[in-house]
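Participant: heads up, no residue letters with this:
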């Protein structure tokens, strides 16, 4: 049997070394190939941070804390910068007011929509200077000096306010006027659909004796449509049933006498012969809108409109009246030509500043009356004692 020959001692080391070298070489190629086919790590793209718009906020003091705190602060600042440079959220879309569905003005803050605040702009306290009031005072006549004037067109001077300002006293939210032997007073409110549902029995029980109810309004847009107040009939019937004396008013946007007569006829149509205790009031007001149809109407035209409306109402057997604030009475309307009509004066203050006489004073648009939710306009009527007259 042939015996297996053992390799010589010097041969084995040489063979082992060769194997080790060969494995290392192959292993190196595999590693380099693996490196060659391994996808490179994505390099982060550095987007330059937009320079924020300078703001008036003060620059924070440097923070000399640890690296971790600094990193946190940097992250926070980055977030803040991002918030500062981001676009603001778009403002909500607000539907425009329909000029043909406008209510009245500083009450109806007109006052109803362009607001129901007194009756819109007219209810607001218009700024009239003291010198202007003094100049007006010099043109007025006392009632006694005007007895011969039988109608508005025959008067060349308006009638002076006969009341003693010191006797107007407000207790809580209620205004009183008592002048021994000359005048007394009573309180009332005026309302429209913006007043909500009214419990008229509670209003009466709270001591209110009269109310003016909005019958309707003309839109201030180009069409100038005539609109009935949605709550007119229910308010009229409710107030009368509760025992209050009632009058009505119409928010006018007439641009000429023809339209003023149209408004009066609209009022008469909806009154339909209904008996009223108080006047039918012509309520002309400014509308704070560049598209308002009355924006170019002159004071002389407004005065003619008032006369046309009032005379149409009077011919139908109702008593007319005119509504206005201090600005309208001193700067817009010709009060001498309107002095044959009772005036419903609007000014929210403790004392009436009008130099002209008036029968009613709307002195607040933020009254609170049992039976009415929210704010309501408060009024006082000046009632002459026997033998006295406010005209």
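Facilitator: Alright, I've got the coordinates. These figures come from a predicted structure and were not determined experimentally.
Participant: name the SS class of residue 348, please.
Facilitator: Under DSSP: H, G, I helix; E, B strand; the rest coil, residue 348 falls in the coil class.
Participant: flag the shaky bits of the stretch 151-300 of the chain, pLDDT-wise.
Facilitator: Judged by pLDDT under 70, the stretch 151-300 of the chain has its weakly predicted residues at 151-156.
Participant: was I right about residue 217 contacting residue 227?
Facilitator: Yes - applying Cβ atoms under 8 Å, one finds residue 217 in contact with residue 227, separated by 5.5 Å. In this view, the C-beta of every residue, glycine as well, is placed from N, C-alpha and C.
Participant: these two - which one has more neighbours?
Facilitator: The residue with the greater number of neighbours, taking residue 217 and residue 227 and applying other Cβ atoms under 10 Å, is residue 217; the counts read 30 against 16.
Participant: for residue 269, what are its contacts?
Facilitator: In this structure, residue 269 makes contact with no residue, judged by Cβ atoms under 8 Å, 6 or more residues apart in numbering.
Participant: tell me the spacing between it and residue 262.
Facilitator: Counting by Cβ to Cβ, to the nearest Å, the gap between residue 269 and residue 262 amounts to 10 Å.
Participant: so where do the strands sit in the stretch 201-350 of the chain?
Facilitator: Using DSSP state E, counting those that start in this stretch, the strands assigned to the stretch 201-350 of the chain run over residues 210-218, 226-228, 245-252, 280-284, 320-325, 343-346.
Participant: can you lay out these as CSV showing distance to residue 128?
Facilitator: CSV is the format used below for these (distance: least, Cβ to Cβ, whole Å):
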stretch, distance to residue 128
strand 210-218, 24
strand 226-228, 32
strand 245-252, 22
strand 280-284, 18
strand 320-325, 9
strand 343-346, 13
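Participant: and residue 175, which of those strands is closest to it?
Facilitator: Nearest to residue 175 among the strands of the stretch 201-350 of the chain is strand 343-346; the distance by Cβ to Cβ comes to 12.4 Å.
Participant: mind giving me the packing neighbours of the following helix or strand past the closest one?
Facilitator: Note on strand 343-346: by DSSP states H and E, the next helix or strand toward the C-terminus is strand 360-367. The contact analysis (3 or more Cβ pairs under 8 Å, 6 or more residues apart in numbering; DSSP states H and E) places strand 360-367 against strand 174-177, strand 183-191, strand 343-346, strand 376-384.
Participant: deepest of those strands, which one?
Facilitator: Mean neighbour count, computed with mean count of other Cβ atoms under 10 Å, is highest for strand 343-346 among those, reaching a mean of 30.
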